[in-house]
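Engineer: Provide a 3D model corresponding to the input given below.
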Amino acid sequence: MSRLRILVLAPDANPEGTCGPLLSFSEAEALARLHGVTLVIRSSGEEAVRRRQGPLHSVEVIRQPWLERIYAWSFRWIFKGDFTSRALTAFGYPFAVAFEWQAWRQIRARIKGDEYDVVLRLLPVPAVLPSPFAFFLRNGPVPFVIGPVSGGLPWPAGFSQADKQKGWILGLRNLYRFLPFARSTYRHASAIIAGASQTFAEFSSYREKLFFLLENGVSRSLCSDGKRISNGRLKLIFVGGLLPVKACDLALRAAAPLLRSDLAQFTVVGDGPERDRIERLSRSLEIEKAVSFCGWVSHDEAQQKLRDADVLVFPSVRDNSPAVVFEALAAGAVPVVVDFGGPGDTVHSEVGYKVALTNESDVVSQMERILVSLAQDRDLLNRLRQQGMCYARERLTWDAKAQTLTAIMRWALRQGPRPNLPPPKVVYLERAS
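Structural biologist: Prediction:
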């Protein structure tokens, strides 16, 4: 089939950024290896994008200097640089609408002049942030595809780690439905891509045009393809911010019996407000000699540590789509996660373990049994490792995701069959509160 001409809306896309900005650029770049992609961004990321423009057909910059200054100042001084803040998501609503309004004014003549086949919105990721483009394109001339979108993951009860970070703003989440463009975004979209099982359930009323595709991905360059054999002490690793919700304390408690018996060693990569408490926990558990705290390291060094590890112990109790789970699978570290949110959607029994999110002591007990089993059965560990690396290469790379996105867009254009992309599990909807 012919290459598609895709207009990609990703205002904060940045190859030198983290999280959403980096993910959206990686996805746009992978799509550009298959199609003609015009990437629409804010001016704040222009220099970085142009340095890595590579296969992109063109870059369209939307300049809103005053709004960008206001947002940057607020992010630094009001939100203290915390991109995980739920209040920041709400604050970003008028900026997201203003960006797309200006983008439409700047590009609409070319859209109506048949320069593009389809519009794909990659950013913002939160499902609560609507898109005026869906309304503008309600009568054509091209289809509008949105996603992967996610959000709305409930806060699990019975976990002190979640209680410490749960914010008051979450009680207002469902009010987004009453904001301008909120309903028209999904009503007029030709296809909706949910990045999480929870989000898929939330938009189940649009099932005829709803698809599932994991929000995150991994670069093919990070995928290991050589055989790795584990022997000696079991090498455990945790990678991530030391925040309450990441639950590194549960990982250490689960590993403690092996660590005290000198059957394992544990590396903690990351930093954050919980570090002092977690270091004190390691001393109280009498495992401090077997635990190394590395703090933040470069991405390359973090990847090397994952390649050296046998098992990623990642009991985060509320996570949408953590990159470290994808990177661990690609590197050959077997993931042990909780069956909730993004980690539960990503990991399956052929490549790792996911434990039921019941309560703190039970999660620790479940993970402890798994770690002991892996320490005793290295054949099982090595088999899971090889299958995980194969899974990452074939299903989780940006190039693989670009192929899936292509199938969805061709369906929206009536150029191909409807892809069968159900969520990995059925979620009975529970509203965030």
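
Engineer: Now do the contacts for the closest residue to Gly352 other than its chain neighbours.
Structural biologist: Distances taken as C-beta to C-beta, 6 or more residues apart in numbering put Pro335 closest to Gly352, at 4.0 Å, once the chain neighbours are dropped. Heads up, the C-betas are built off the backbone N, CA and C, glycines and all. Each residue near Pro335 by C-beta atoms under 8 Å, 6 or more residues apart in numbering is listed here: 311-312, 314, 325, 328-329, 343, 346-347, 351-353, 388.

Engineer: Save the residues you listed as a markdown table, and put in secondary structure and distance to Pro419 too.
Structural biologist: Output for the contacts of Pro335, formatted as a markdown table (DSSP: H, G, I helix; E, B strand; the rest coil; distance: C-beta to C-beta, whole Å):
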| residue | secondary structure | distance to Pro419 |
| --- | --- | --- |
| Val311 | strand | 33 |
| Leu312 | strand | 30 |
| Phe314 | strand | 29 |
| Val325 | helix | 24 |
| Ala328 | helix | 27 |
| Leu329 | helix | 23 |
| Pro343 | helix | 24 |
| Thr346 | helix | 19 |
| Val347 | coil | 22 |
| Val351 | coil | 22 |
| Gly352 | coil | 25 |
| Tyr353 | strand | 29 |
| Gly388 | helix | 24 |
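
Engineer: Secondary structure element holding Pro148?
Structural biologist: For Pro148, the host element (DSSP states H and E) is strand 144-149.

Engineer: Any chance you could list what contacts that strand?
Structural biologist: Counting by C-beta under 8 Å, 6+ apart, 118-122, 125-127, 131, 133-134, 137, 185-186, 188-195, 199, 211, 213-215, 408-409, 412 sit against strand 144-149.

Engineer: Now which of these would you call buried?
Structural biologist: The neighbour-count criterion (16 or more other C-beta atoms under 10 Å) marks 118-122, 125-127, 131, 133-134, 137, 185-186, 188-195, 199, 211, 213-215, 408-409, 412 among those as buried.

Engineer: Hmm, Leu210 is touching Ala194, no?
Structural biologist: Yes: using C-beta atoms under 8 Å, Leu210 makes contact with Ala194 at a distance of 6.4 Å.

Engineer: Which neighbours do the two have in common?
Structural biologist: 200, 203.

Engineer: Next one: the residue nearest in space to the middle of the chain from Glu279, what distance?
Structural biologist: By C-alpha atoms, centre = their mean, the chain has its centre lying nearest to Ser321, at 3.1 Å. Here the criterion is C-beta to C-beta, to the nearest Å. By it, Ser321 lies 28 Å from Glu279.

Engineer: try Glu60
Structural biologist: With C-beta to C-beta as the criterion, Glu60 and Glu279 are 48 Å apart.

Engineer: where does the stretch 151-300 of the chain dip in pLDDT?
Structural biologist: Residues of the stretch 151-300 of the chain meeting the criterion pLDDT under 70: 160-178, 226, 228.

Engineer: show me where the stretch 1-150 of the chain has helices.
Structural biologist: 19-32, 46-51, 65-77, 86-91, 93-112, 132-136 (DSSP state H, counting those that start in this stretch).

Engineer: and these, which one is worst for confidence?
Structural biologist: Lowest mean pLDDT within these: helix 86-91, a mean of 77.

Engineer: Mind exporting the C-alpha coordinates of that helix to PDB?
Structural biologist: Taking Å, rounded to 0.1, in the frame of the first residue of the first chain, the C-alpha atoms of helix 86-91 are listed here in PDB:
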ATOM      1  CA  ARG A  86      -2.400  15.600  39.000                       C
ATOM      2  CA  ALA A  87      -3.100  19.300  39.500                       C
ATOM      3  CA  LEU A  88      -0.600  19.900  36.700                       C
ATOM      4  CA  THR A  89      -2.800  17.900  34.400                       C
ATOM      5  CA  ALA A  90      -5.800  20.000  35.200                       C
ATOM      6  CA  PHE A  91      -3.700  23.200  34.900                       C
END
